[in-house]
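>>> Based on what follows, work out the 3D shape:
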Amino acid sequence: MNFKQIELAGFKSFADRTEIKFDSGITAIVGPNGCGKSNVSDAIRWVLGEQSSKLLRGSSMQDVIFNGTEKRKSLSYCEVTLIFNNTDRYFNYDNDEIAITRKLYRSGESVYLINRTPVRLKDIVNLLYDSGIGRDGYSIIGQGKVEEIISSKPENRRNIFEDAAGIAKFKSRKVDAERKLERTRDNLQRANDILSELERQMGPLKKQAENAKLWLELRNRLKDLEVNAYVYRYDNANTIKQQINTRLNAISEDLQTRQNELTSTSNEYEDCMNKVSSIDSEIANSHESILHLTVELEKQSGEANVIRERISNMNETKSKINIDLLNSKNTIEKDNAELGFKKEKYDEVVSSLQKLNLSYDEVSNDYLKIIDELSLHEDATQDSQQKMFDALDKLTDIKANFSKYQAEREMLKTNLADVNSKLEEINKSISEKQKVKDEIQANVNRLKEQKNTSQNNLTNAKIRQDSLVGEIKDNQEERYKINSKIQVYENRKSMLEEMQKEYDGYAYAVKKLLKESERNQHIKTKMLGVLASLIKVPEKYETAIEIALGNAVQNIVTFDEQNAKELINFLKTNEFGRATFLPINKIKPRTIAQEDEKALSNSGCFGLACDLISYNSDIKNIISNLLGTTIIVDNLDTAISISNKTKLSYKIVTLDGDVINPQGSMTGGSKKKEVANLISRDREIATLTNEIAKLKQEFTNKNHLIADLQKEYDSLKFNMNKLFDEKNTSEIAFAKEN
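Numbering: from 1, shown residues only. Next comes the predicted model:
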């Protein structure tokens with residue numbers, strides 16, 4: 001075996017198509033860390049069928065597609081091809097050169113090819129079994145692989161030896177055989193179900209056959225009795241007989257056709273079930289990856305918005321603090337200057353007042369002393385007059401003293417007049433000072449009231465400002481929540497529209513046929529559409545109708561059997577698989593028996609499934625055929641009750657999707673939650689469109705409200721600066737007057 005070359009296009013770091021040739025000898029790929037050396041071995045492992053994104057160093061399989069750079073946009077798919085020289089027929093393949101290719105699109109669709117021919121992954125694995133090459137084999141020794149082999153458990157090491165010995169191929173065949181046996185058991189079970197259904201139909205058919213035999217006997221007797229009367233109409237009778245025989249032959253042919261259709265439908269159903277099981281798992285993985293990425297994107301976007309909001313609030317707070325600090329500094333400087341001036345003036349007034357008080361006290365003391373001395377001397381004079389005769393010897397001295405005291409008295413009277421004059425002047429000055437004091441006190445009271453008013457206005461403005469900040473923040477948070485919800489809804493809507501555009505969820509053959517009808521007008525004119533797109537189901541009944549229709553929801557409606565035949569030939573020619581077609585002119589309606597209609601009036605019964613949905617009258621027979629004998633009820637209790645009343649003759653489905661089948665078998669349990677089923681996809685897109693429109697309107701209203709609140713906040717902030725200046729001015733004036 002000779003590995004000739006590998007071709008990479010769009011795989012990880014290989015944005016451009018790259019070819020690496022492996023000539024004779026050893027080929028080494030060298031380079032610095034991070035240049036993409038390991039991506040080559042990852043590419044080889046990927047082509048060989050690796051399904052684990054973690055082993056390829058990614059979170060999802062789409063991570064292997066080139067994701068773009070600042071200067072180059074991302075790619076929509078990646079492709080890797082391994083080319084081997086097979087001239088020695090090392091591989092069990094009749095070609096001198098083998099090219100194994102794997103393609104992956106961002107939609108999740110993966111394609112395997114051998115020599116540019118589409119194949120299954122199983123075909124590639126089978127081709128490589130005897131070569132010693134494989135994704136889990138010993139042919140690819142990556143980082144830590146040797147240590148892993150040495151330290152692995154014996155049972156894991158045994159797998160490597162079995163791969164090297166060629167036993168793995170036979171173990172795989174054994175597993176496939178066991179799976180086929182299990183599917184065969186399931187098919188036998190389905191065949192038994194079909195046989196039981198046919199046995200149930202044998203009773204009415206047997207009765208019809210007996211009636212037919214009786215009719216033939218009566219007809220023969222009638223013929224014998226009236227043979228003579230109808231001799232002359234022999235030719236006409238032969239014609240009628242031929243017509244009857246023709247009708248009988250047509251009925252027989254129709255019966256055989258129905259039998260063939262039943263066999264064909266059973267085979268198609270088995271193939272579809274096998275494909276659906278594999279496709280469902282791929283769809284679920286893709287949808288889980290999309291939802292995970294969407295949630296992570298929303299989370300990171302929300303955290304970025306919160307951080308930007310915090311930075312904006314911190315910048316505003318910093319600006320406010322700087323302005324408050326500057327205003328405080330200016331106020332302190334003004335207050336210090338005023339305080340110095342007031343202290344000097346206060347000291348002068350206190351000094352003057354102290355001097356006046358001392359002068360007043362001295363004059364008052366002198367005046368009192370003079371009055372006391374005057375009273376004493378007057379008493380002494382009266383005593384001396386009374387004792388004049390007894391103290392003649394002292395008369396001379398007393399007269400001398402009297403003259404001296406008389407002079408002093410005159411001097412004291414003069415001083416008293418001066419003191420009284422000065423006292424009047426002081427009282428007058430005090431009265432004038434009191435008037436000035438009253439005026440200043442009135443100004444102080446007025447300025448105090450003005451200061452309090454300014455303080456109250458500023459306080460109220462500050463409270464309103466804080467309230468506006470809270471309202472703006474709350475509305476911004478609500479706006480962010482609305483925006484996040486819009487993003488989630490838009491992502492969900494985009495995903496559903498993309499699924500609808502790509503016909504995701506449909507079987508491979510149906511999907512190919514629908515896509516071909518978009519390009520080929522001839523194909524489009526042959527069919528009316530897929531049944532899922534032709535009916536409208538209320539949300540309440542979606543689960544029940546989906547379960548009732550089953551795989552028939554993907555059946556393609558055609559105008560007649562000729563159109564269906566051409567479409568089947570088209571699928572065969574292009575090897576697109578199998579699909580079921582419903583010709584409008586051939587499908588016959590079905591309904592419940594008249595005696596069972598009264599069961600529909602039971603409490604909890606909503607009616608026949610065909611009556612609960614909307615559809616065009618052209619497909620009335622098809623809807624009646626598929627849903628005309630299916631009853632929709634609220635729960636299993638009601639279903640059991642109606643089933644007993646109708647003698648297990650009809651399919652009964654609950655709103656939760658539980659089913660009571662004809663003959664009594666029951667199906668139910670938890671239903672796997674789909675990303676979007678085929679029936680509800682259009683309704684959910686319409687609902688999301690309406691919700692997005694409402695949320696966008698609400699988002700716009702929030703923007704207007706936030707803008708109005710921000711405008712009020714800016715105006716209030718400007719007015720607060722004025723109020724702050726008024727407050728400072730009033731406080732300075734109050735301190736000055738005080």
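>>> which residue is nearest the middle of this protein?
Val488 (3.4 Å; Cα atoms, centre = their mean).
>>> Which strands and helices lie in contact with the host helix or strand of that residue?
Using DSSP states H and E, the element containing Val488 is helix 395-501. Applying 3 or more Cβ pairs under 8 Å, 6 or more residues apart in numbering; DSSP states H and E, we find helix 395-501 packed against helix 234-386, helix 681-737. Every C-beta, even on glycine, is put in place using the N, C-alpha and C of the backbone.
>>> how close does Thr263 sit to Ile244?
In this view, Thr263 and Ile244 are 29 Å apart by Cβ to Cβ, to the nearest Å.
>>> if we can go back for a sec, between the helix or strand following the helix holding Val488 and helix 395-501, how many degrees?
As assigned by DSSP H and E, the chain's next helix or strand after helix 395-501 is helix 508-519. Relative orientation of helix 508-519 and helix 395-501, computed by axes from the mean of the first three to the mean of the last three Cα atoms, to 10 degrees: 90 degrees.
>>> What residues sit buried inside helix 508-519?
Neighbour-count burial for helix 508-519 flags Tyr508, Ala509, Val510, Lys511, Lys512, Leu513, Leu514, Lys515, Glu516, Ser517 (criterion: 16 or more other Cβ atoms under 10 Å).
>>> now, which of those sits nearest Asp618?
Taking Cβ to Cβ as the measure, Asp618 lies nearest Ser517 of the buried residues of helix 508-519, at 17.9 Å.
>>> With Ala532 as the reference, measure out to the residue lying closest to that closest one once chain neighbours are set aside.
Residue nearest to Ser517 in three dimensions, not counting chain neighbours: Lys524, with 4.2 Å by Cβ to Cβ, 6 or more residues apart in numbering. Noted for Lys524: a distance of 17 Å to Ala532, by Cβ to Cβ.
>>> cool, and Ala548?
When Ala548 is compared with Ala532 (using Cβ to Cβ), they lie 13 Å apart.
>>> same deal with Phe559?
18 Å.
>>> coming back round to it: columns distance to Phe84 and pLDDT on top of the buried residues of helix 508-519, output as JSON lines?
Listed next are the buried residues of helix 508-519 as JSON lines, based on distance: Cβ to Cβ, whole Å; pLDDT from 0 to 100:
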{"residue": "Tyr508", "distance to Phe84": "29", "pLDDT": "84"}
{"residue": "Ala509", "distance to Phe84": "33", "pLDDT": "85"}
{"residue": "Val510", "distance to Phe84": "36", "pLDDT": "85"}
{"residue": "Lys511", "distance to Phe84": "33", "pLDDT": "84"}
{"residue": "Lys512", "distance to Phe84": "31", "pLDDT": "84"}
{"residue": "Leu513", "distance to Phe84": "36", "pLDDT": "85"}
{"residue": "Leu514", "distance to Phe84": "38", "pLDDT": "85"}
{"residue": "Lys515", "distance to Phe84": "34", "pLDDT": "84"}
{"residue": "Glu516", "distance to Phe84": "35", "pLDDT": "84"}
{"residue": "Ser517", "distance to Phe84": "40", "pLDDT": "84"}
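>>> for the residues you listed, which one is nearest Gly604?
Using Cβ to Cβ, the buried residues of helix 508-519 come closest to Gly604 at Val510, 35.3 Å.
>>> The closest one contacts Val557, doesn't it?
No: with contact defined as Cβ atoms under 8 Å, Val510 does not count as touching Val557 (11.8 Å).
>>> Quickly list what's touching both of those two.
Shared contacts of Val510 and Val557, defined by Cβ atoms under 8 Å, 6 or more residues apart in numbering, comprise Val530.
>>> Same drill for Phe559 and Ala532, tell me which one is more crowded.
Set Phe559 next to Ala532 and count neighbours by other Cβ atoms under 10 Å: Ala532 wins out with 22 against 15.
>>> I figured the more buried one hits Val553, correct?
Yes: Ala532 is within contact range of Val553, at 4.7 Å (criterion: Cβ under 8 Å).
>>> Wasn't Thr638 part of a helix?
Yes: assignment of Thr638 by DSSP: H, G, I helix; E, B strand; the rest coil places it within a helix.
>>> I'd like the distance between it and Pro662.
For Thr638 relative to Pro662 (Cβ to Cβ), the value is 17 Å.
>>> Over to Asp186?
The gap separating Asp186 from Pro662 is 20 Å, by Cβ to Cβ.
>>> Which one of those two is surrounded by more residues?
Pro662 (17 against 12).
>>> Who are the contact partners of the more buried one?
With Cβ under 8 Å, 6+ apart, Pro662 has these contacts: Glu197, Arg200, Leu648, Ser649, Tyr650, Lys651.
>>> And those, which of them are buried?
Buried, going by 16+ other Cβ under 10 Å: Ser649, Tyr650, Lys651, out of those.
>>> and the residues you listed as TSV, adding distance to Asp94?
Output for the buried ones among the contacts of Pro662, formatted as TSV (distance: Cβ to Cβ, whole Å):
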residue	distance to Asp94
Ser649	58
Tyr650	56
Lys651	52
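>>> Just the pLDDT for the nearest residue to Leu626 once chain neighbours are set aside.
Leaving aside its chain neighbours, Leu626 sits nearest to Ala552 (5.6 Å; criterion: Cβ to Cβ, 6+ apart). As summarised for this prediction, Ala552 has a pLDDT of 87.
>>> try Lys428
Predicted confidence (pLDDT) for Lys428: 80.
>>> And for Glu97?
At Glu97, pLDDT is 89.
>>> Is there a neighbour count for it? I'd like the number.
By other Cβ under 10 Å, 13 other residues sit near Glu97.
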